[in-house]
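# Provided below for reference: sequence and predicted model.
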Amino acid sequence: MKIRKGRGYVYAIQYHLVWCVKYRKPLLYGEVERRLKEMLKEQSEVHKFEIVEMETDKDHIHLLIDCSPQHYLPNIMKALKGNTARFLFKEFPELKKELWGGHLWNPSYFVCTVSDRTEEQIKAYIQNQPTKKRKRGRPMGV
């Protein structure tokens, strides 16, 4: 975990974020997954926080982010979920056919703070997500 400096303060703030596709539909794979990751990286640059680790598992996404004390987490989540949903629906209109009501993401999310003692554990957990095989639902033909 990096110790960073701001104007008049020193900080090290990381969050583990997880959110799911609405109805836990297995839609995050192939080109959709690739574009989602690109979009999240773009959003991190726009909103000036760092994605330390990122991984998806067909129906949910894990992020480990590093941010400053000025970041308000609900605003970060609103930007990440809202912008990615809007752009993914635009690029992949077939996604809406898989989701009743037209919402890509479940409205809730998980967040926990990360200390330097747990950072490596969370990184390892996120990195190992793709190795788990899920049998829930059928993949969409994207």
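Happy to help now that I have it.
# If you count neighbours, what's buried in the lowest-mean-pLDDT helix or strand in the chain?
In the chain, no helix or strand scores lower on mean pLDDT, DSSP states H and E than helix 119-127, which sits at a mean of 80. Of the residues in helix 119-127, those buried under the neighbour-count criterion (16 or more other Cβ atoms under 10 Å) are 119, 122, 126. Placement of C-beta: from N, CA and C, glycine included.
# what does stretch 62-82 give?
The neighbour-count criterion (16+ other Cβ under 10 Å) identifies 62, 63, 64, 65, 66, 67, 76, 77, 80, 81 as the buried residues of stretch 62-82.
# can you pull the contacts of the fifth one?
Translated: residue 66. 1, 2, 13, 14, 49, 50, 52 (Cβ atoms under 8 Å, 6 or more residues apart in numbering).
# ok, of the buried residues of helix 119-127, which one's closest to residue 32?
Using Cβ to Cβ, residue 126 comes nearest to residue 32 of the buried residues of helix 119-127, at 19.0 Å.
# any idea of the pLDDT on residue 138?
pLDDT for residue 138: 49.
# With residue 70 instead?
Looking at residue 70 specifically, the model assigns a pLDDT of 92.
# Grab the nearest non-local neighbour of it.
Taking Cβ to Cβ, 6 or more residues apart in numbering as the measure, residue 70 lies nearest to residue 6, with 7.9 Å between them; neighbours along the chain are not counted.
# number of nearby residues for that neighbour?
The criterion is other Cβ atoms under 10 Å. On that basis, residue 6 has 10 neighbouring residues.
# any idea how far residue 48 is from it?
12 Å (Cβ to Cβ, to the nearest Å).
# And for residue 23?
Noted for residue 23: a distance of 33 Å to residue 48, by Cβ to Cβ.
# swap in residue 66?
For residue 66, the distance to residue 48 under the criterion Cβ to Cβ works out to 11 Å.
# sorry, back to before: quick one: which of the buried residues of stretch 62-82 sit in strands?
Counted as lying in strands by DSSP state E, out of the buried residues of stretch 62-82, are 62, 63, 64, 65, 66, 67.
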